[in-house]
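Trainee: Sequence first, then the predicted structure, then my questions.
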Number of protein chains: 2
Amino acid sequence: MSLGFRPTLTLISTMTTFSLSYVPCFRTGSSSTDNGDPPSVWSFKIYSAFTSTKITRTTMYAALPLAGVNGTTLVERTMIPTQKQFVDPFRQGLIIMDGVGYRQTVVVRSYEVGTDKTATLISIMNLLQETALNHVWMSGLLGDGFGATRGMTRNNLIWVVTRMQVEVDQYPIWGEILEIDTWVSASGKNGMRRDWEIRSHDTGIVFARATSTWVMMNEKTRRLSKIPDEVREEISPWFIHNQTIKEESPEKINKLDDNAKYINSGLQPKRSDLDMNHHVNNVKYVGWMLEAVPDECLENYQLSNIVLEYRKECGSSDVVQSLCEPEELGIIQDGVQGGTDVNYINGCSIGIGGGGLLNCLMNEGTIRFTHGLQVKEGSKCQEIVRGKTTWKKRNNRYTFCG
Amino acid sequence: MSLGFRPTLTLISTMTTFSLSYVPCFRTGSSSTDNGDPPSVWSFKIYSAFTSTKITRTTMYAALPLAGVNGTTLVERTMIPTQKQFVDPFRQGLIIMDGVGYRQTVVVRSYEVGTDKTATLISIMNLLQETALNHVWMSGLLGDGFGATRGMTRNNLIWVVTRMQVEVDQYPIWGEILEIDTWVSASGKNGMRRDWEIRSHDTGIVFARATSTWVMMNEKTRRLSKIPDEVREEISPWFIHNQTIKEESPEKINKLDDNAKYINSGLQPKRSDLDMNHHVNNVKYVGWMLEAVPDECLENYQLSNIVLEYRKECGSSDVVQSLCEPEELGIIQDGVQGGTDVNYINGCSIGIGGGGLLNCLMNEGTIRFTHGLQVKEGSKCQEIVRGKTTWKKRNNRYTFCG
């Protein structure tokens, strides 16, 4: 495993600041709230350490091009590194795996958890996005926008996600300290695969694994693109073969239509759903998908696996329908009941009305749904995403499948 | 300024781990992604430092009581401190202001910014909540739930926010490093005031200030409560008189009704809007309020001030209406135009239809709205929140007030 970027002079200079840079973030400047802190006994050491950190940062970073913000102060504000960084004390990130992977430590925040005090899937997916971007940030390759390298920016290319899978064994809880590792590998000839592993910092237990596939799109023509040579030269030294979720031939996800059992209509992107790229962020799609899942499932079951196939961008004025269908694990025609033929799925009658089928399937301990998001364009429906979710019974919970 | 908790033995023991604990979060345990990292040249130092940190943490923390999560591993998972902590390397927080205030360093994340790459107001308010909770976390007083002390938990008391004001001078941008300070003071006889200041870590420039007022409510009777003596003893040593936004007699916020110019109906809490207390989180209310603000304002103006008066909890099945009215700064009857009397507000004709009045007011550089959230209960309306927002023209933007 010797993919370039071996610890050399750069690392040594990073090391110098490394032991110094992990200090709490004091400033020497005055502030209305600096009331004689920090306690004077350790102030000298901290301030001098901070100064070293600052020098390293300002010499290594370049201005972030941003529209819509007062330009005069930008150079002094956020800086994107133009050289590879090995440690970032503020992001609590560091380069691992012989120089090609990225690890970030995060604490689960109060607003990232749901009523049961465990992190929501949306929060987890946001952290996946965040660590992926910080990986590119640390690489020194980041151009502008959402993880595009400078070579991509020169070629008007952006990343587009085509597939995403998240497996959650255990949901992290409020205040828990996590380690998130992420790394990339080749996917076919013109794609990139990005994997993640989320662990408990204290025990090392793996909470979740995720994998995703990305291709390049020309931002202007909106057509998919091959990876240009200059971009391949940028990213290929970072590739590592290490799959957190083994690649099998992916299961086909059926297309749903208006006959789906659960439909949630009239979903429309809000201004706050648009990301830096002015697109509906792909994490938003997951929120819409989950809105169609019946309440009794959300109450008593926890999502353990989700697969998403992204098919089309959602425009900011589109009105989206979220479709959801419980998976039929195999229909067995099972005889006659009261003079009528009754179909059974896994031993559950589907002849009964209301939520009967779902209730019965839920009692089996695991339930699966097929999902679809679609946009109506006149009489035609355009698919945005197909998805599949698996749900497991919650622990220590009163399970009412009503 | 000498309000207890002076650096003593506790601090010294924290100091011992302090210089050691600011290490990136390696574990010694094996993992499928540990490919020979970190580079061996610094591994010994880091691992031994990590061990020290761990010992300190486990001896000082107690189990977090949580429902709905596998109980057997909880003691080994998130721990709420039972003693005052001075530094938390994972939250990047530390106690300041002679031992009573809290400072946390955060990096603006990719999913916390909007299309213009600046942090959204919602993200800022989430960070205010997070730092407030971490302040209580560090104090060693945290019982369970949303910032309640152990004394409060014994008395079935929870915090309820009654007023909140946020002033934003400049929105932080993606990747920017922030310092957020927060502290508390008495507010009248039975209230608590909490203030915040958000600064650029690099320049010390103040980006935003916020203040809030809190009272205690009995969780069972839902009635407001005096502060019991045992709770006063817990929290009053933390009070400090230091107002980031000066307390003036707060401006009255008018009640709006169905005649408001902009109305957004049918807003309903989603499961994901409920917080650890099973309530619609008060930050959500701000999102609803902003949804009624016309697009042309959001495009060209940036919110610079928001005041919220919380009046009633929103139930999870309530359907909310968001009302919004541009503020009339003073009507001047100003003569005759084309044979008809025309009223003018600050020189703007209000005789013209459509968005004419708003457009004209917007061109003045600042615009203000009064807001209201209400729930219909039969023919009666119950007010949830009243609010007021001030908006300033964005810099370097083409301002079209269409």
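Mentor: It's in. Numbers count the residues shown, from 1 in each chain, chains lettered A, B, ... in the order given.

Trainee: Give me the mean pLDDT for stretch A:171-178.
Mentor: What stretch A:171-178 shows for mean pLDDT is 95.

Trainee: and if you look at stretch A:189-205?
Mentor: Stretch A:189-205 comes out at a mean pLDDT of 96.

Trainee: what do you get for stretch A:265-280?
Mentor: The pLDDT scores in stretch A:265-280 average 82.

Trainee: which residues touch that stretch?
Mentor: Contact partners of stretch A:265-280, identified using C-beta atoms under 8 Å, 6 or more residues apart in numbering or on different chains, comprise A:145-146, A:158, A:281, A:284, A:288, A:291, A:313-322, B:110-111, B:113-115, B:117, B:120, B:122, B:174, B:287, B:291, B:295, B:298. Bear in mind the C-beta positions are built from the backbone N, C-alpha and C, glycine included.

Trainee: of these, buried ones?
Mentor: A:145-146, A:158, A:281, A:284, A:288, A:291, A:313-314, A:318, A:320-322, B:110-111, B:113-115, B:117, B:120, B:122, B:174, B:287, B:291, B:298 (16 or more other C-beta atoms under 10 Å in any protein chain shown).

Trainee: Cross the residues you listed against strands and list the overlap.
Mentor: Using DSSP state E, the members of these that fall within strands are A:158, A:320-322.

Trainee: Helix, strand or coil: sort out A:D181 for me.
Mentor: Three-state assignment for A:D181 (DSSP: H, G, I helix; E, B strand; the rest coil): strand.

Trainee: ok, A:V286 to A:V293 distance?
Mentor: Distance, A:V286 to A:V293, using C-beta to C-beta, to the nearest Å: 11 Å.

Trainee: pretty sure A:S225 is touching A:M216, no?
Mentor: Yes - between A:S225 and A:M216 there is a contact under C-beta atoms under 8 Å: 4.6 Å.

Trainee: who has more neighbours, the two?
Mentor: A:M216 (23 against 19; other C-beta atoms under 10 Å in any protein chain shown).

Trainee: can you pull the pLDDT of that one?
Mentor: 96.

Trainee: pLDDT weak spots in the stretch 1-150 of chain A?
Mentor: Low-confidence segments of the stretch 1-150 of chain A (pLDDT under 70): A:1-78, A:145.

Trainee: Neighbours of the closest residue to A:A260 other than its chain neighbours, how many?
Mentor: Nearest residue to A:A260 in three dimensions, chain neighbours excluded: A:L323, at 3.8 Å (C-beta to C-beta, 6 or more residues apart in numbering or on different chains). Counted with other C-beta under 10 Å, the neighbours of A:L323 add up to 27.

Trainee: what's around the closest residue to A:M152 other than its chain neighbours, how many residues?
Mentor: Among residues not flanking A:M152 along the chain, A:V231 sits closest, at 5.5 Å (C-beta to C-beta, 6+ apart). Burial of A:V231 is recorded as 22 neighbouring residues (other C-beta under 10 Å).

Trainee: Check which helix or strand A:V231 maps to.
Mentor: Per DSSP states H and E: A:V231 is located in helix A:229-235.

Trainee: What helices and strands are in contact with that helix?
Mentor: Using 3 or more C-beta pairs under 8 Å, 6 or more residues apart in numbering or on different chains; DSSP states H and E, the elements in contact with helix A:229-235 are helix A:150-154.

Trainee: Which positions within the helix it packs on qualify as buried?
Mentor: Buried, per 16+ other C-beta under 10 Å, within helix A:150-154: A:150-153.

Trainee: Please export the C-alpha coordinates of it as CSV.
Mentor: Output of helix A:150-154 as CSV, limited to C-alpha atoms (Å, rounded to 0.1, in the frame of the first residue of the first chain):
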residue,chain,number,x,y,z
ARG,A,150,-9.2,21.9,-9.6
GLY,A,151,-8.8,19.8,-12.8
MET,A,152,-12.6,19.1,-12.8
THR,A,153,-13.3,22.8,-12.3
ARG,A,154,-11.1,23.6,-15.3
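
Trainee: Residues in contact with it: which ones?
Mentor: With C-beta under 8 Å, 6+ apart, helix A:150-154 has contacts from A:141-145, A:158-159, A:216, A:228, A:230-231, A:233-234.

Trainee: How about stretch A:241-261?
Mentor: Stretch A:241-261 is contacted from outside by A:97, A:163, A:165, A:167, A:183, A:185, A:193, A:195-197, A:209-211, A:307, A:309, A:323-326, A:358, A:370-372, A:374, A:381, A:383, A:386-388, B:32-33, B:35, using C-beta under 8 Å, 6+ apart.

Trainee: how long is it from one end to the other?
Mentor: 41 Å (C-alpha to C-alpha, to the nearest Å).

Trainee: Return the set of buried residues in that stretch.
Mentor: Buried residues in stretch A:241-261, counted by 16+ other C-beta under 10 Å: A:242, A:244-245, A:253, A:256, A:260-261.

Trainee: can you map out the helices along chain A?
Mentor: A:9-21, A:40-60, A:121-139, A:150-154, A:229-235, A:282-291, A:295-300, A:356-362 (DSSP state H).

Trainee: That'll do, ta.
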